[in-house]
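K.L.:
3D model of this:
(one chain, ligands or ions: 1)
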Amino acid sequence: MNLVSAGLSDRGRVRPRNEDALLLRPERGLFAVADGMGGHVGGDIASRVAVDVLDELGPDGLDAEQLRSIFLAAHGAILRAVSADPTLSGMGTTMTALRVRPENDGCLIIHTGDSRAYRFRDPQLHQLTRDHTWVQDQVDAGLLQPEQARAHPYSSVLTSALGIVNGEPEIQVVDVPCDAGDTILLCTDGLTAGLADQDIARLLSREPDMDAAARALIAAANDAGGSDNITVALVRLLASGQ
Ligand code: CA
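P.N.:
Now for the predicted structure:
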């Protein structure tokens, strides 16, 4: 598997704690971001539990069904943690994960909530995930314009997440055609609340080095106010032998 990757998680400038979690396992082609919410300390716990379950079971997950069941296992682990400690009641988390298949024959994205995955193929940035939010439902129904959705007072209301829905969360699996040179970006909404897609594309065009690009994205989101925790994972696919 030929790839280079980088990732960073930052508290931002306003929130007292960082409730996001980041998983980088380049040797296994497995990456994830998670954005926890709820309770006094619950948000940090929910996002950490979710990425830990993925980390533990991820090596078994090579196809869509296996990855979907790993997400359901993470959902169950959060519900069990709440049963064991009712003060954690109400905690939950988004999670958006990338599985790079061995031999680089494409990528799988697995997702629930309002964190996002993008494919950057210079100069185009293409969003791969659909936000599980009330405002996205309104956009899809033609009742809101996308630019209204970003600034909407209900923009953070989720319609699916791990740990907090009644019944099963909605889990999106996307099989993404990928070529050498493509970069996959996973991010929590702290990045996209502050930066428009064209800002992200411009930064990625300018910074071919993954570590420098991750630092630049976090810095730009903080410059835009840093109103939320910000987490990014960047994965560039390389041609074999590169
Ligand atoms: Ca967030």
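
K.L.:
rest of the way, CA atoms for contacts and neighbours
P.N.:
OK.

K.L.:
list the helices and strands the helix or strand of the chain with the lowest mean pLDDT packs on?
P.N.:
Within the chain, no helix or strand scores below helix 146-150, which has a mean of 84 by mean pLDDT, DSSP states H and E. If contacts are counted by 3 or more CA pairs under 8 Å, 6 or more residues apart in numbering; DSSP states H and E, helix 146-150 sits against helix 134-140.

K.L.:
list the buried residues for the helix it packs on?
P.N.:
134-137, 139 (16 or more other CA atoms under 10 Å).

K.L.:
after the least confident helix or strand of the chain, next one along is what?
P.N.:
strand 172-176 (DSSP states H and E).

K.L.:
avg pLDDT for that following strand?
P.N.:
Regarding strand 172-176, the rounded mean pLDDT is 95.

K.L.:
distance between that strand and the chain's centre?
P.N.:
Mean-position distance between strand 172-176 and its chain equals 13 Å (CA atoms, centre = their mean, to the nearest Å).

K.L.:
please apply the same query to stretch 108-128.
P.N.:
Averaging C-alpha positions (CA atoms, centre = their mean) puts stretch 108-128 9 Å from its chain's average.

K.L.:
also stretch 172-179?
P.N.:
On CA atoms, centre = their mean, the centre of stretch 172-179 falls 14 Å from that of its chain.

K.L.:
same check on stretch 6-20?
P.N.:
How far stretch 6-20 lies from its chain's middle: 14 Å, per CA atoms, centre = their mean.

K.L.:
got a list of contacts for the least confident helix or strand of the chain?
P.N.:
135-136, 139, 155, 193 (CA atoms under 8 Å, 6 or more residues apart in numbering).

K.L.:
right, and the helix or strand after the lengthiest helix in the chain?
P.N.:
Assignment by DSSP state H gives helix 64-84 as the longest helix of the chain. Following helix 64-84 in sequence order, the next helix or strand is strand 92-93 (DSSP H and E).

K.L.:
who's in contact with that following strand?
P.N.:
Residues lying outside strand 92-93 but in contact with it, judged by CA under 8 Å, 6+ apart, are 34-38, 42-43, 46-47, 50, 78, 113, 161-164.

K.L.:
so how far is Leu24 from Asp35?
P.N.:
According to CA to CA, to the nearest Å, Asp35 stands 15 Å off from Leu24.

K.L.:
extract the CA atoms of stretch 94-112 and return them as PDB.
P.N.:
Extracted in PDB, the C-alpha atoms of stretch 94-112 (Å, rounded to 0.1, in the frame of the first residue of the first chain):
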ATOM      1  CA  THR A  94     -20.000  11.200  14.500                       C
ATOM      2  CA  MET A  95     -17.400   9.000  12.700                       C
ATOM      3  CA  THR A  96     -16.100   9.200   9.200                       C
ATOM      4  CA  ALA A  97     -13.500   6.500   8.200                       C
ATOM      5  CA  LEU A  98     -11.300   5.700   5.200                       C
ATOM      6  CA  ARG A  99     -10.200   2.200   4.300                       C
ATOM      7  CA  VAL A 100      -7.600   2.200   1.600                       C
ATOM      8  CA  ARG A 101      -7.800  -1.300   0.000                       C
ATOM      9  CA  PRO A 102      -4.500  -3.200  -0.400                       C
ATOM     10  CA  GLU A 103      -3.100  -2.900  -3.900                       C
ATOM     11  CA  ASN A 104      -4.700   0.600  -4.000                       C
ATOM     12  CA  ASP A 105      -7.700  -0.600  -6.000                       C
ATOM     13  CA  GLY A 106      -9.900   2.100  -4.600                       C
ATOM     14  CA  CYS A 107     -11.000   3.300  -1.200                       C
ATOM     15  CA  LEU A 108     -14.000   2.800   1.000                       C
ATOM     16  CA  ILE A 109     -15.500   5.700   3.100                       C
ATOM     17  CA  ILE A 110     -17.800   4.700   6.000                       C
ATOM     18  CA  HIS A 111     -19.700   7.500   7.600                       C
ATOM     19  CA  THR A 112     -22.400   8.700  10.000                       C
END
